[in-house]
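Asker: With the input below, show me the fold.
(4 chains)
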There are 2 protein chains.
Amino acid sequence: MKDVAQRAGVGVSSVSRVLSGNPDVSPVMRNRVMDAVAALGYEKDLIAQGMRSGATSSVGFMAVDIANPIIAAASAGAIRELRNNGYSLLISSSDGSKELDADYIRSFQLRRVEGLLLSVADEEDARTLGALEQFRAALVFMDRAFPRSIKASAVVYDHRSGMAAAVDHLLELGHRKLALINGAPRVRPARERANAVRQAIRRVSDASVVVRGGSYSASHGYDACKLLMSSDSPPTAIIVGGNQILQGVMAALVELGLKVPDDVSLVTLDNVPLAEFISPSLACVTRDPVTMGTLGAELVLELIHGGAPRTVELPTTFVPGESCAAPRS
Amino acid sequence: MKDVAQRAGVGVSSVSRVLSGNPDVSPVMRNRVMDAVAALGYEKDLIAQGMRSGATSSVGFMAVDIANPIIAAASAGAIRELRNNGYSLLISSSDGSKELDADYIRSFQLRRVEGLLLSVADEEDARTLGALEQFRAALVFMDRAFPRSIKASAVVYDHRSGMAAAVDHLLELGHRKLALINGAPRVRPARERANAVRQAIRRVSDASVVVRGGSYSASHGYDACKLLMSSDSPPTAIIVGGNQILQGVMAALVELGLKVPDDVSLVTLDNVPLAEFISPSLACVTRDPVTMGTLGAELVLELIHGGAPRTVELPTTFVPGESCAAPRS
DNA sequence: CTCCTGTCTGGAATCGTTTCGACCAAGACT
DNA sequence: AGTCTTGGTCGAAACGATTCCAGACAGGAG
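Answerer: The predicted structure follows:
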């Protein structure tokens, strides 16, 4: 910048004014500076800019597992939206560790991000909450609940309606004993799904559901499924609360020699690619993950520009499939 | 930092020395500084640090589509490895646009990343190459070829061996007319696969293969498959060069009423989750994407610490499946 | 002709670190 | 006793931008 000023024969402050679009600058000055900039191929140093003005033009993104298709799609949406607004994305993945969650929140702070898109591993972890209380930048939660003391926007899914539709469908087919193999109960989506299923089942007096919480992992799905299906009165339909869990459930069913939907009906979550070629086709509750990312990015930009925090809800929908049939009488 | 110095009654430079582990510091000084740091809850400002020392402790990551499972897995691997070394990851996605590729490379430069993990959309694009020539930081390509004038490390897959094994398998089953529905030819993996298939087919004199290049998209898969299968002498086996392409191919086969493997054998790329439950099970050429990320991160750290550029090759392996059978006589 | 107003402009301070050179006291050597 | 080293410390200059403040200059009014 000093070089530009020298070449143009003007002061550095004038160069800065021209480049930041300050109106107090004469046309002749603007031209001389622009010529020098072009001649030297000068470009602003964003680090120095962030140093002085505090605006780093960057936001953070953290979720449990960036390789999860839902999260990956959301991050892609966020990247696109932020890029269109001149922001960069610092990304990280907690691998399900709440310690890393807390560490990363602090680390984002040290990097002076202007905002943070967040999907923590454990909503109730004290260290995480402490780090969030101290966090001084725009905060947007992705499908997570958080105490009112934390001022933040959020984009959440309406898991209840999708789940309710799934349960209704199963009830109408004649199922009376359902099971939900659920993810980690210390995050919003798992809680919402469990509540929705418990509530929907009350519509029919002799229907019941057993909820098996655990983790978003194949091994949890495998164990829970084996346990459920080998009990005295096994469920006739299983709702699977995650695509990782589904892997384990499918493996367990194969091992047990149980056929879908003849022996047990299945509803899963989040359409997987090529699912339409799996036979029987899997009924599932779907949502649009990309929108979660773009919307999250919009909300964080809104906060950065001084807007008030708000929460936006996205729909989930139940898609029927061949994996659901009437139970064997 | 000034506050810490004041509270400890020492100079700011001493605080800096203590905090950066400089050995020229007495134990008593160290203790006083540490106490003050603890009392004030002080933490280093990484922006200012980067400003002064030029070391931003950040590296960039750019690929064509961050939501692609292969890329997402690689990024997860890179994040983990870099985190363990105190680095953060700036991520972006070119959405297949070479213009964005070039822009982003420059933008990473402005942010003063210390390194860049890169998988460009078009290896031959002039603007991209220009941006790379000017790029002044550690550069690691992910499964891309690049001119020798660019000093960079790379992690690449040995697509040839996996593809050769797949072709051998099909030849042994008796197939003589193969097709490869390939991705964009202006990137390394597509070129390598095409070459490997062409070379492997020569083993049997009366065997032939037709290669259909295009893009990594479902629509390309759909179009190419329809065209191939409705020709005078359609192939008896198709090798599919990407998971997006596979979607289109499958859809086309269903529409044409063709059964796998009865009417046509199929080999695909990169096992998809739940693939084991697709019937018939899909034969495929697989690779380990997470290792590409971790290895890429290791290579970039190596370069940052002054190491010499080098290229590492990762294996691909052919996994047989029910989707391959002898051709109908 | 002087004074004032308003528009541009350049210098200098600032952001929070690191690092260089200077300094000083104390012990080791001639 | 005087000088040299050594270990420890400090102040100040840098990194590259932004912004406040004061000065310059032109033009209009009295």
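Asker: Is the residue nearest to A:Arg30 when sequence neighbours are not counted part of a helix or strand, or is it coil?
Answerer: Nearest residue to A:Arg30, sequence neighbours excluded (C-beta to C-beta, 6 or more residues apart in numbering or on different chains): A:Val18, at 5.3 Å. Any C-beta I mention is one placed from the backbone N, CA and C, and that applies to glycine too. Following DSSP: H, G, I helix; E, B strand; the rest coil, A:Val18 is assigned to helix.
Asker: quick one, what contacts A:Val18?
Answerer: Residues in contact with A:Val18 (C-beta atoms under 8 Å, 6 or more residues apart in numbering or on different chains) are A:Val25, A:Met29, A:Arg30, A:Val33, A:Met34.
Asker: And A:Lys151, by the same measure?
Answerer: A:Leu139, A:Pro309.
Asker: Mind telling me what element it is part of?
Answerer: Using DSSP states H and E, A:Lys151 maps to neither a helix nor a strand.
Asker: Let's see the pLDDT reported for it.
Answerer: Predicted confidence (pLDDT) for A:Lys151: 95.
Asker: so what's the backbone phi/psi at it?
Answerer: Dihedral pair for A:Lys151: phi -80, psi 110, per degrees, to the nearest 10.
Asker: residues near A:Glu322, how many?
Answerer: 15 (other C-beta atoms under 10 Å in any protein chain shown).
Asker: Leaving out sequence neighbours, find the closest residue to it.
Answerer: With C-beta to C-beta, 6+ apart, the residue lying closest to A:Glu322 is A:Pro280, at 3.5 Å.
Asker: Then A:Leu170?
Answerer: A:Ala237 (4.8 Å).
Asker: same question, A:Leu132
Answerer: Take A:Leu132 and drop its neighbours on the chain: the residue closest to it by C-beta to C-beta, 6+ apart is A:Ile150, 5.4 Å away.
Asker: Around the one you found, count how many other residues there are.
Answerer: Neighbour tally, A:Ile150, other C-beta under 10 Å: 13.
Asker: That one and A:Leu139, how far apart?
Answerer: 7 Å (C-beta to C-beta, to the nearest Å).
Asker: do the same with A:Pro315
Answerer: For A:Pro315, the distance to A:Leu139 - C-beta to C-beta - is 24 Å.
Asker: With A:Ala126 instead?
Answerer: 18 Å.
Asker: between the two, who's got more neighbours?
Answerer: A:Leu139 (23 against 10).
Asker: Show the contacting residues for the nearest residue to the more buried one once chain neighbours are set aside.
Answerer: Counting by C-beta to C-beta, 6+ apart, A:Ala152 is the residue found nearest to A:Leu139 once chain neighbours are left out, at 3.8 Å. Each residue near A:Ala152 by C-beta under 8 Å, 6+ apart is listed here: A:Leu139, A:Val140, A:Phe141, A:Phe146, A:Pro309.
Asker: Secondary structure element holding the first one?
Answerer: Assignment of secondary structure by DSSP H and E places A:Leu139 within strand A:138-142.
Asker: residues bridging contact with A:Ile150 and A:Leu139, i.e. touching both?
Answerer: Going by C-beta under 8 Å, 6+ apart, residues that sit against A:Ile150 and also against A:Leu139 are A:Leu132.
Asker: returning to what we had before: export the strand holding A:Leu139 to CSV, keeping only CA atoms.
Answerer: The C-alpha trace of strand A:138-142 is given here as CSV (Å, rounded to 0.1, in the frame of the first residue of the first chain):
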residue,chain,number,x,y,z
ALA,A,138,-22.9,-13.7,15.9
LEU,A,139,-24.1,-17.2,16.9
VAL,A,140,-26.4,-19.4,14.9
PHE,A,141,-27.4,-22.9,16.1
MET,A,142,-28.2,-25.6,13.6
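Asker: May I see the buried residues of stretch A:174-189?
Answerer: For stretch A:174-189, a neighbour-count test (16 or more other C-beta atoms under 10 Å in any protein chain shown) marks A:175-184, A:187-189 as buried.
Asker: Now that stretch: average pLDDT?
Answerer: The model assigns stretch A:174-189 a mean pLDDT of 96.
Asker: Next, report how far it is displaced from the centre of its chain.
Answerer: 20 Å (C-alpha atoms, centre = their mean, to the nearest Å).
Asker: can you pull out the helices in the stretch 1-150 of chain A?
Answerer: Secondary structure of the stretch 1-150 of chain A by DSSP state H, counting those that start in this stretch: the helices cover A:2-8, A:12-19, A:27-40, A:46-53, A:69-83, A:98-110, A:126-134.
Asker: circling back: could I get the buried residues of stretch A:174-189 in a markdown table, plus columns for secondary structure and distance to A:Ala8?
Answerer: Shown next, in a markdown table, are the buried residues of stretch A:174-189 (DSSP: H, G, I helix; E, B strand; the rest coil; distance: C-beta to C-beta, whole Å):
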| residue | secondary structure | distance to A:Ala8 |
| --- | --- | --- |
| A:His175 | coil | 78 |
| A:Arg176 | coil | 82 |
| A:Lys177 | strand | 80 |
| A:Leu178 | strand | 74 |
| A:Ala179 | strand | 73 |
| A:Leu180 | strand | 69 |
| A:Ile181 | strand | 68 |
| A:Asn182 | coil | 65 |
| A:Gly183 | coil | 60 |
| A:Ala184 | coil | 60 |
| A:Val187 | coil | 56 |
| A:Arg188 | helix | 56 |
| A:Pro189 | helix | 57 |
